[in-house]
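Engineer: Sequence isn't available, so here's the structure alone:
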DNA sequence: CTTGATATTATGTATAGACATAAAAACCTG
DNA sequence: CAGGTTTTTATGTCTATACATAATATCAAG
């Protein structure tokens, strides 16, 4: 075993991964500390740190000060789902995009937006190749995003307007399968009760709620992504 | 504006985030280079690099050598969904876990596993508080995971056995809403055609397929997670 | 005007050394 | 021996410097 063949942090990361996969370091095993690894690999400790750190980010290692670095017991699968702008998502699939506004009202916000202020309620349908793709049912908090009141949302969707206008710091998202309501079924051109994929999302800017949205996708919709921590895998 | 108040990379990251949110640096804007930022913040370039790098990982910045660092045009929402071991998921919710094997056969694998080799086909139901929670319909590639042939899978599930036994380098996952088939409906104690949440997953170790699985969840299931890049947000 | 070689530049990454910090381990005390 | 205090230790992070690399910008030659 000659040393000094691992010149960069990615090579070190790959070697560590190899040992994990080869069961040299089984789940739960505490691996050598950074100083020792640096010596073995013939590099600086900072380089080992970089490699291990990003493996820890990916969930394959668990690190605690003083306690050392252990191979994660449950190599937690983490899938990163990207939440795209709907128009982009459709155009990326090579389909033609169309947008149709259904309703637009100012009313008192429902519970999740923080009961007090007025809200803008917008419903719209996004089409792909002239068939309905997804229903956007959205509440916008007019207290935090007053500019929204002046937007007609008849040409560009609230979805698109918000991402380039209202910044958010964090949010909450959930996926579910639900039966289409009568109204949804009509808009999506399907039968009531048909299983539809639903995304509920709420975004805040610090403590202020910005918007809540329910996206109801036409039957057959499928979210697709990879696991294995992207660049790391292999 | 005194300088040298940003002592660590996280403080710098927060300040950069603040400027993006405050529209000092709007989407598409090219921000100052690392040397200048380091001087402004009164720290080393490596520290600025660390901060910007992790923002780029999170998708908020786009960096190219020589071209510089730009604020992403579409601040892509990225949600990281963790794929837990089913037993853990149930127990984490404070429910009692139970497992029931339905079928276990060795047969020729279906297409996705790579048509050639033999496969182990296991179907099972995981229960939470004595009601069916999810159906696990799995094929295991016996060429790559021969040990699986000796596992009865009557006590511990294939799900659990695999995560601690067969390492994988990457995978593919998709979520969808589908109507329950007659068999699924029976196992989940619901009506045929009821919308159910389905996760399809396939994992490989390098080029070798390890397993494909379809998880069909009982009605009402919901995947839930946060957006806003975890630690970064605020 | 186009093409290709060359210089410039911003990020990418390595290094050695230092100090900070959290947490386990060892050491006291009563 | 229980409980608190100190020591030790592995990771976390910063600094300053250096070189690598990719991509743009520049400029000369055909």
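Structural biologist: Perfect, I can see it now. Computed from a predicted model, the values in this text were never measured in an experiment. Numbers count the residues shown, from 1 in each chain, chains lettered A, B, ... in the order given.
Engineer: Quick check: next helix or strand after the least confident helix or strand in chain A by mean pLDDT?
Structural biologist: None of the helices or strands of chain A scores lower by mean pLDDT, DSSP states H and E than strand A:77-83, at a mean of 76. Sequence order places helix A:86-92 as the next helix or strand after strand A:77-83, per DSSP states H and E.
Engineer: That following helix close to chain B?
Structural biologist: Yes - judged by C-beta under 8 Å from any C-beta of the partner chain, helix A:86-92 comes into contact with chain B through residue A:88. Where C-beta positions appear, they are placed from N, C-alpha and C, glycine not excepted.
Engineer: tell me the angle the least confident helix or strand of chain A makes with strand B:77-83.
Structural biologist: Here strand A:77-83 runs at an angle of 150 degrees relative to strand B:77-83 (axes from the mean of the first three to the mean of the last three C-alpha atoms, to 10 degrees).
Engineer: For strand A:77-83, which residues meet the burial criterion?
Structural biologist: Using 16 or more other C-beta atoms under 10 Å in any protein chain shown as the test for burial, strand A:77-83 gives A:77-79, A:81, A:83.
Engineer: With stretch A:184-203 instead?
Structural biologist: Neighbour count says stretch A:184-203 has A:184-185, A:187-188, A:190, A:193-203 buried, by 16+ other C-beta under 10 Å.
Engineer: Quickly check: it near chain B or not.
Structural biologist: Yes - interface with chain B: stretch A:184-203 contributes A:193-198, A:201, A:203 (C-beta under 8 Å from any C-beta).
Engineer: Out of those, which is nearest to residue A:97?
Structural biologist: Nearest to residue A:97 among these is residue A:197, at 18.9 Å by C-beta to C-beta.
Engineer: next one: the helix or strand containing that closest one to chain centre, how far?
Structural biologist: Using DSSP H and E, residue A:197 sits in strand A:195-205. Chain-centre distance of strand A:195-205: 11 Å, with C-alpha atoms, centre = their mean, to the nearest Å.
Engineer: is it fair to say residue A:177 lies in a strand?
Structural biologist: Yes - with DSSP: H, G, I helix; E, B strand; the rest coil as the criterion, residue A:177 is located in a strand.
Engineer: Give me the pLDDT for it.
Structural biologist: You'll see residue A:177 listed with a pLDDT of 97.
Engineer: Quick check: bridge partners of the residue nearest to it when sequence neighbours are not counted?
Structural biologist: Leaving aside its sequence neighbours, residue A:177 sits nearest to residue B:177 (C-beta to C-beta, 6 or more residues apart in numbering or on different chains; 3.4 Å). Beta-bridge pairing for residue B:177 (DSSP bridges): residue B:197.
Engineer: Skipping adjacent residues, who's closest to whatever residue of chain A ends up closest to DNA strand C in space?
Structural biologist: As assessed by C-beta to the nearest atom of the strand, DNA strand C sits closest to residue A:8 within chain A, at 2.8 Å. Nearest non-adjacent residue to residue A:8, counting by C-beta to C-beta, 6+ apart: residue A:47, 7.3 Å away.
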